[in-house]
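Trainee: Can you look at this prediction? I've put the sequence above it.
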Amino acid sequence: QLQACGGGLVQAGGSLRLSCAASGRTFSSSVRGWFRQAPGKEREFVAVISWSGGNAYYADSVKGRFTISRDSAKNTVYLQMNSLKPEDTAVYYCAAGKVVTTNPTAMDYWGEGTQVTVSS
């Protein structure tokens, strides 16, 4: 089970850190990722990190502003979001899978989302 938290309401230019804790099984050998879905839009890729934490990939829209990281000892993955923009407003979901991918359908496990709202 994956549980995301850390969302909230923030002004443009602000920061938030999302956390995704795993329970019930270890995801230490799994790829972990973050995706988001805005109202009326499809779920889209945000960031993904390899099982070792050595490789991370980002959507162009968040590159340079967001950082994904993982703490395998805590079975937790994080998404540090800086310089937030109103267009970052969405429900953010964490996921786990076997391969590094930007395709949400390729992820095997999903947590419930956490709402991020950025006001202008």
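Mentor: Yep, it's here.

Trainee: didn't Ser29 look like it was pressed against Trp51?
Mentor: Yes: using Cβ atoms under 8 Å, Ser29 is in contact with Trp51, at 5.0 Å. Yep, even glycine has a C-beta here, placed from its N, CA and C like the rest.

Trainee: Identify the residues contacting Ser61.
Mentor: By Cβ atoms under 8 Å, 6 or more residues apart in numbering, the contact set of Ser61 is Glu87.

Trainee: That one belongs to a helix?
Mentor: No: with DSSP: H, G, I helix; E, B strand; the rest coil as the criterion, Ser61 is located in coil rather than a helix.

Trainee: Now for Gly53: which residues touch it?
Mentor: Counting by Cβ under 8 Å, 6+ apart, Gly53 touches 69-70, 72.

Trainee: Just the buried ones out of the residues you listed, please.
Mentor: Neighbour-count burial (16 or more other Cβ atoms under 10 Å) applied to the contacts of Gly53 gives Arg70.

Trainee: Please, where are all the helices along this protein?
Mentor: Applying DSSP state H to the chain gives no helices.

Trainee: In it, which residue is most central in space?
Mentor: Closest residue to the average C-alpha location of the chain: Trp34 at 2.5 Å, with Cα atoms, centre = their mean.

Trainee: for that residue, which residues make a bridge with it?
Mentor: Beta-bridge pairing of Trp34 under DSSP bridges involves Ala47, Cys94.

Trainee: how near is it to Ser120?
Mentor: Noted for Trp34: a distance of 23 Å to Ser120, by Cβ to Cβ, to the nearest Å.

Trainee: again with Ala96
Mentor: Applying Cβ to Cβ to Ala96 and Ser120 gives a distance of 33 Å.

Trainee: Compare those two (neighbour count), which wins?
Mentor: Using other Cβ atoms under 10 Å, the more surrounded residue of Ala96 and Ser120 is Ala96, with 21 against 9.

Trainee: contacting residues for the more buried one?
Mentor: Taking Cβ under 8 Å, 6+ apart as the criterion, Ala96 is in contact with 2, 22, 27, 30-33, 107-109.
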